[in-house]
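Asks: Here is a sequence with its predicted model. Questions after.
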Amino acid sequence: MLRFRVIPVVFGCMWAGCCRAQSGSPFVNTNIFKPVSTPARDIHSLSLFVLLITGGIFVGMSALLTFALIRYRSRPTDTLEPPQVFGSTQIELAWTIIPVLLITVLFLGTGRMIFAIQDAPPPKNALDVIVIGHQFWWEFRYPKLGIVTANELHVPLSTKADPQPTYLKLTSADVMHSFWVPRLGGKTDVLPNRVNEMWFDPNVPGVYLGQCAQFCGPEHAKMLIRVYVDPPDKFAAWVKNQQRAQTELPQPAPATPNGNGGGPSAATRENAQMVNVSEADQGINAQTGQKVFEEQACVNCHTVKGTMANGRYGPDLTHLMSRDTIGSGILPNTQENLVRWINDPNDFKPGCLMPAMHLTEEQNRQITAYLITLH
C-alpha cells in the first residue's frame, strides 16, 4: 500500500487553485500550479504530462467523432441502407494496443515519480516533525527540539546553498484524516495505528495554506493547516521562543481591613493595562485569570508548559499568542475572538469536541486576560 496519494488528475486538483485562501487572499497560497518544493514540482510536472496525454486523446477522439458525424450523416438523397461492415482486425488492434501503450507510459511515469519522492533519504540536518490529526485540529511535535504546537507548522527555508528539508511522520489520534498543503506536496493519508511519511523542502518563504482532505466528521471543512516557511534567523527565533516555558504568575495580595494590600499590585496594574481593561474592572487580570484557568476543567485538556496545566486532549496553549489564528485557522487570534471562542466554541465550529464551559462573563474575561500573556 502506497504511503501517500498523488493526485495528478488536473480536475481533482483544480479546487486547490480556485478556492479562496484562508487568509482572505484568493488564488495565491493553495495553487498547485505554483509549486515551491521538490515533491510539489514533481507532482506538477506529472500533472501536466497526464494533461497533455489525456488532452491529446480528447482532441483526437473529438475530431474523429466530428468527422464521422459530418461525413456519414443521413442525407435526403439516401434511399438505401449503407453497407454494413462486421469486424475489422486493424481497428480492433489499434484500439487495444494504443490504450495499452498509453496506460503503460502513464503507469511507469507515475511509479517513477512516486518512488523518487517516497524513497528520498533524509539528510542529517533534516527537520523531523510528528503530525497528529485530531477531530478537528492538528498537533505538531518537534521531537529533537522539544516543541509542541498546534495548527500552525513552522519550518525552515531550504535553499540550494543550505538545503534543509522537513520530514513529517503522520498519524491520527482518532479517525482517518488527510494532510494536504497543495504548494508543498501531495495528499498524505493520516491513519490511526499507522505512521505515514512525507517530506518537502520549500525554497520560497511565506505562509502556505492547506486542508484536511479526508472527510473526518462534521467540522472536516474547518480543519485547516497553515505552514510558515521561515528564513533561518526567523526560524531560530521562533524555536527559541517555543522552547521557553511559562511561569506561574504571582497571585495578587488579598485586601486587608486597614487598606494594606487592598489595591491591585504593580504587576496586576501592568497586566490590566496590557489586556486593555480599566481599573474599574476589579479582578480582571492575568494572575486571577491563571487561577481561574487552573481551577476549571481547562487543565484537563490543555498544557501550559511550566505550570500545573498538563492536559493532552486539546491543543498545547504554552505559546498560544504566538499563533495567528485559533480554532484550527478559522478565526484571527485576537482578544475579542478568544472571549467568544471560550464562551462557546460551537458558535464557530458546530460539532467540535471542545464543550461550552458555561463560565460567567467575568470568568471568561479573566481566563482571556491570562491567555493573552502566553506569547
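Replies: Ah, there it is.
Asks: what about the strands in this protein?
Replies: Counting by DSSP state E, the chain has strands at residues 127-134, 137-142, 147-150, 152-156, 166-172, 177-180, 188-190, 196-200, 206-212, 224-230, 325-326, 331-332.
Asks: List the neighbours of the last one that are in contact with it.
Replies: Residues external to strand 331-332 that are found in contact with it (Cβ atoms under 8 Å, 6 or more residues apart in numbering): D324, T325, I326, N337, W341, F348. In short, each C-beta sits where N, CA and C put it, glycine included.
Asks: doesn't H44 make contact with F33?
Replies: Yes - here F33 reaches H44: they are 6.7 Å apart, a contact under Cβ atoms under 8 Å.
Asks: Who has more neighbours out of those two?
Replies: More crowded of F33 and H44, by other Cβ atoms under 10 Å: H44, with 18 against 15.
Asks: hmm, back to that, please render the contacts of strand 331-332 as JSON lines that adds neighbour count and distance to D230 to the earlier fields.
Replies: Compiled in JSON lines, the contacts of strand 331-332 are given as follows (neighbours: other Cβ atoms under 10 Å; distance: Cβ to Cβ, whole Å):
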{"residue": "D324", "neighbour count": "15", "distance to D230": "13"}
{"residue": "T325", "neighbour count": "18", "distance to D230": "17"}
{"residue": "I326", "neighbour count": "25", "distance to D230": "21"}
{"residue": "N337", "neighbour count": "17", "distance to D230": "24"}
{"residue": "W341", "neighbour count": "21", "distance to D230": "26"}
{"residue": "F348", "neighbour count": "16", "distance to D230": "28"}
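Asks: hang on, the earlier thing: select, out of the strands of the chain, the one closest to I97.
Replies: Closest approach to I97 among the strands of the chain is made by strand 188-190 (35.5 Å; Cβ to Cβ).
Asks: The closest one - which strands sit beside it in the sheet, and in what orientation?
Replies: Sheet pairing of strand 188-190 (DSSP bridges) gives strand 177-180 (antiparallel).
Asks: Now do W95 against S88, distance only.
Replies: 10 Å (Cβ to Cβ, to the nearest Å).
Asks: got the contact list for the residue lying closest to F235 once chain neighbours are set aside?
Replies: Of all residues not flanking F235 in the chain, P156 sits nearest, at 4.4 Å (Cβ to Cβ, 6 or more residues apart in numbering). P156 makes contact with L127, Q164, T166, V229, D230, P231, P232, F235 under the criterion Cβ under 8 Å, 6+ apart.
Asks: Please indicate which of those are buried?
Replies: Among the contacts of P156, the ones that count as buried by 16 or more other Cβ atoms under 10 Å are L127, Q164, T166, V229, D230, F235.
Asks: Distance to P83 added to those, as a markdown table?
Replies: Putting the buried ones among the contacts of P156 into a markdown table (distance: Cβ to Cβ, whole Å) gives the following:
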| residue | distance to P83 |
| --- | --- |
| L127 | 71 |
| Q164 | 70 |
| T166 | 66 |
| V229 | 67 |
| D230 | 73 |
| F235 | 75 |
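Asks: what about M357, how many neighbours?
Replies: Neighbours around M357, by other Cβ under 10 Å: 15.
Asks: That one contacts A297, correct?
Replies: Yes - with contact defined as Cβ under 8 Å, M357 and A297 form a contacting pair (6.8 Å).
Asks: Please, where are all the helices along the stretch 201-350 of the chain?
Replies: For the stretch 201-350 of the chain, the helices defined by DSSP state H, counting those that start in this stretch cover 232-242, 266-274, 286-295, 298-301, 335-343.
Asks: what inclination does the third one have with respect to helix 335-343?
Replies: The directions of helix 286-295 and helix 335-343 differ by 20 degrees, with axes from the mean of the first three to the mean of the last three Cα atoms, to 10 degrees as the criterion.
Asks: So what touches stretch 302-320?
Replies: Against stretch 302-320 from outside (Cβ under 8 Å, 6+ apart): 137, 139, 148-151, 241-242, 244-248, 290, 293-294, 298-301, 326, 333, 354, 371, 374-375.
Asks: just the buried members of those residues?
Replies: 137, 139, 148-151, 242, 246, 290, 293-294, 298-299, 301, 326, 333, 354, 371, 374.
Asks: Of all the strands of the chain, which one is nearest P218?
Replies: Closest approach to P218 among the strands of the chain is made by strand 206-212 (12.5 Å; Cβ to Cβ).
Asks: so what does that closest one touch, helix or strand wise?
Replies: strand 177-180, strand 224-230 (3 or more Cβ pairs under 8 Å, 6 or more residues apart in numbering; DSSP states H and E).
Asks: That strand pairs with which strands?
Replies: Short version: by DSSP bridges, strand 206-212 pairs with strand 177-180 (antiparallel), strand 224-230 (antiparallel).
Asks: any idea how far the spatially closest residue to P350 that is not a sequence neighbour is from Q335?
Replies: Spatially, and ignoring its direct neighbours in sequence, P350 is nearest to P218 (6.6 Å; Cβ to Cβ, 6+ apart). Relative to Q335, P218 is positioned 28 Å away (Cβ to Cβ).
Asks: cool, P83 as well?
Replies: Distance from P83 to Q335, by Cβ to Cβ: 83 Å.
Asks: higher neighbour count, the two?
Replies: Neighbours per residue, other Cβ under 10 Å: of P83 and Q335, the larger number sits with Q335, 16 against 5.
Asks: and P257, what pLDDT?
Replies: P257 is assigned 46 on the pLDDT scale.
Asks: where does the stretch 251-375 of the chain dip in pLDDT?
Replies: 251-283 (pLDDT under 70).
Asks: what do you get if the cut-off is 50, keeping everything else the same?
Replies: 255-280 (pLDDT under 50).
Asks: what's around the nearest residue to G351 once chain neighbours are set aside, how many residues?
Replies: Nearest residue to G351 in three dimensions, chain neighbours excluded: P218, at 3.4 Å (Cβ to Cβ, 6+ apart). Neighbourhood size, P218 [other Cβ under 10 Å]: 13.
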